[in-house]
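Visitor: Below: sequence and its predicted model.
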Amino acid sequence: MSAALNGLAIGVIGAGAWGTALAQMLASDGRAVALWAREPDLAATINATRRNPTYLPGATLAETITATSDLAAMAALPVLLWVTPAQFLGSVLSGLPHYAGDLVLCAKGIEAGTGRLMAEVARAAAPAAQVAVLSGPTFAHEVAAGLPTAVTLACSGGDAQWQRLAPTIARPTFRPYYSADVIGAEIGGAVKNVLAIACGVVEGLGLGQNARAALISRGFAEMQRFGLAMGAQAETLAGLSGLGDLVLTCSSSSSRNFSLGKALGEGQTASAALAGRATVAEGAYTAPVLADLARQKGIAMPLVDAVVTLVQGQAPARDVVASLLARPLRAERPLG
Ligand SMILES: NC(=O)C1=CN([C@@H]2O[C@H](COP(=O)(O)OP(=O)(O)OC[C@H]3O[C@@H](n4cnc5c(N)ncnc54)[C@H](O)[C@@H]3O)[C@@H](O)[C@H]2O)C=CC1
Ligand SMILES: O=C(CO)COP(=O)(O)O
């Protein structure tokens, strides 16, 4: 299989919904793309049937996508989009410790146990790699279908890396926007997943559109407080990878995080709602570590704390909402 990858410009690591959709987008103009699947049988199925029935059913994949489960073979590619879920970035990347190409991180989350953002995890596992972050409002099935999509591409290597990556990643309906703010791009994606669970709860409890808009707005205030304290730039948080993705994910049951929250709001227990999911709702894993980081920094994130209470099954959704509404009245200032 590795011979088939020789000379390719780009590969995607992780054949979940998002990795598969990114591979399909990259192959949309006939370019060859390598797609690494952790599951060997899934790689074989993709090559034989041009389908990923496990994670992206419905899409017919381009002939120029070559799937493989040989991780070492991917090391030869100069650009890798890394799309394993956040909690598995370190373990999978440790299989390519000497990778020295462009490593474009696409997972949205914070590592549980360490509190590390994705770029920090990546630099520890593959110190020679040049890290970038691709993040924004991007439902996988829409990208796979070729619908117009815009993302933030935050490059730790600044303009020189952007000049390399933009032509490799951009396609007529997929527009990356340049940023040098890696931390800001990471934080937007990680925090919005947690807030999307809260928005799903609002939907599940039937609390209405006013409540959802209030939650998006007050949730954005929490994202700003946390992001600025972590060194993010305000304009990144207000852009595609922050507010843009927050609005998308908080508005649709296409979001796995939103649908998890909806199930909780409808009365399912957290363990039942999380059990048996083949797909990942990153916010459930990020919420506790995000709440810990915020506490350590003295940052108030009441909505994030409420999501932790819910995903840890400590109280039913109605009680959690009641205690949020009973909080003392205060000034609206997001940063106050
Ligand atoms: N699905 C979407 O629309 C989007 C997802 N993302 C992000 O992309 C990342 C990946 O999500 P999806 O592709 O949607 O995943 P998915 O939920 O479709 O699939 C789960 C993935 O986890 C992998 N996996 C399971 N156990 C593993 C282990 N022990 N070690 C390594 N990998 C393991 C599976 O092989 C599979 O690739 C997440 O951080 C998600 O937030 C970002 C933008 C859009
Ligand atoms: O990140 C996403 C859209 O930008 C996908 O959100 P979910 O993981 O909640 O489905």
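Guide: Now that the structure is in, tell me what you want to look at. Numbering: from 1, shown residues only. Ligands and ions are numbered 1, 2, ... in the order given.

Visitor: Every contact and neighbour count from this point should use C-alpha atoms.
Guide: Noted.

Visitor: G200 and A234: what is the separation?
Guide: 26 Å (CA to CA, to the nearest Å).

Visitor: Let me fix that, I meant to ask about V202.
Guide: For V202 relative to A234 (CA to CA), the value is 27 Å.

Visitor: Those two: who's more crowded?
Guide: Neighbours were counted for V202 and for A234 using other CA atoms under 10 Å; V202 has more, 27 against 16.

Visitor: surely that one meets K262?
Guide: Yes - the criterion here is CA atoms under 8 Å, and V202 meets it with K262 at 7.2 Å.

Visitor: Burial check on G158, number of neighbours?
Guide: Neighbourhood size, G158 [other CA under 10 Å]: 15.

Visitor: and the residue found closest to it once you drop the neighbours it is linked to in the chain, how many neighbours?
Guide: Distance criterion CA to CA, 6 or more residues apart in numbering; nearest residue to G158, sequence neighbours excluded, is A180 at 5.7 Å. As a burial measure, A180 scores 21 neighbours (other CA under 10 Å).

Visitor: show me the contacts for A180.
Guide: Residues near A180 by CA atoms under 8 Å, 6 or more residues apart in numbering: 154-159.

Visitor: quick one: it from ligand 1, how far?
Guide: 19 Å (CA to the nearest ligand atom, to the nearest Å).

Visitor: Show residues contacting the helix or strand harbouring E142.
Guide: Here E142 sits within helix 140-144, counting by DSSP states H and E. With contact meaning CA under 8 Å, 6+ apart, helix 140-144 is reached by 17-18, 20-22, 24-25, 56, 59, 149, 174.

Visitor: For the stretch 51-200 of the chain, what lies in contact range of ligand 1?
Guide: 55, 83-86, 88, 106-108, 138-140 (CA under 6 Å from any ligand atom).

Visitor: Make a markdown table out of those residues and add neighbour count and pLDDT.
Guide: Compiled in a markdown table, these are given as follows (neighbours: other CA atoms under 10 Å; pLDDT from 0 to 100):
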| residue | neighbour count | pLDDT |
| --- | --- | --- |
| Y55 | 18 | 97 |
| V83 | 25 | 98 |
| T84 | 26 | 98 |
| P85 | 21 | 98 |
| A86 | 24 | 98 |
| F88 | 13 | 98 |
| C106 | 26 | 98 |
| A107 | 25 | 98 |
| K108 | 29 | 98 |
| T138 | 24 | 98 |
| F139 | 19 | 98 |
| A140 | 20 | 98 |
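
Visitor: Now cross-check those residues against ligand 2 and list the overlap.
Guide: 138-139.

Visitor: list the buried ones in the helix or strand hosting V307?
Guide: Applying DSSP H and E as the criterion places V307 in helix 302-311. For helix 302-311, burial by neighbour count (16 or more other CA atoms under 10 Å) applies to 303-311.

Visitor: Report all helices and strands that it contacts.
Guide: On a contact count with 3 or more CA pairs under 8 Å, 6 or more residues apart in numbering; DSSP states H and E, helix 302-311 meets helix 182-205, helix 270-274, helix 282-296, helix 317-325.

Visitor: and among those, the most buried is which?
Guide: helix 182-205 (a mean of 29; mean count of other CA atoms under 10 Å).

Visitor: how near is A317 to ligand 1?
Guide: A317 is 23 Å from ligand 1, by CA to the nearest ligand atom.

Visitor: same check, this time on Q24
Guide: 13 Å.

Visitor: what does R318 give?
Guide: The value you get for R318 to ligand 1, if CA to the nearest ligand atom is used, is 27 Å.

Visitor: residue contacts, that residue?
Guide: So R318 contacts 205, 265 (CA under 8 Å, 6+ apart).

Visitor: ok, now with 10 Å
Guide: 201-202, 205, 264-267 (CA atoms under 10 Å, 6 or more residues apart in numbering).

Visitor: any idea which of the residues you listed is closest to T279?
Guide: Nearest to T279 out of the contacts of R318 is L264 (CA to CA; 16.8 Å).

Visitor: List the contacts of the closest one.
Guide: Counted by CA under 10 Å, 6+ apart, L264 has contacts 197-198, 200-205, 258, 270-274, 310-311, 313, 316-318.

Visitor: same thing but 6 Å
Guide: If you count contacts by CA atoms under 6 Å, 6 or more residues apart in numbering, L264 has none.

Visitor: same question, W36
Guide: Contacts of W36 (CA under 6 Å, 6+ apart): 13-14, 67-69.

Visitor: how many neighbours does the closest residue to S255 other than its chain neighbours have?
Guide: Leaving aside its sequence neighbours, S255 sits nearest to T249 (CA to CA, 6+ apart; 5.6 Å). Neighbour count for T249, taken as other CA under 10 Å: 28.

Visitor: buried ones in the helix or strand P167 falls within?
Guide: Applying DSSP H and E as the criterion places P167 in helix 158-169. Across helix 158-169, burial judged by 16+ other CA under 10 Å covers 161-162, 165, 169.
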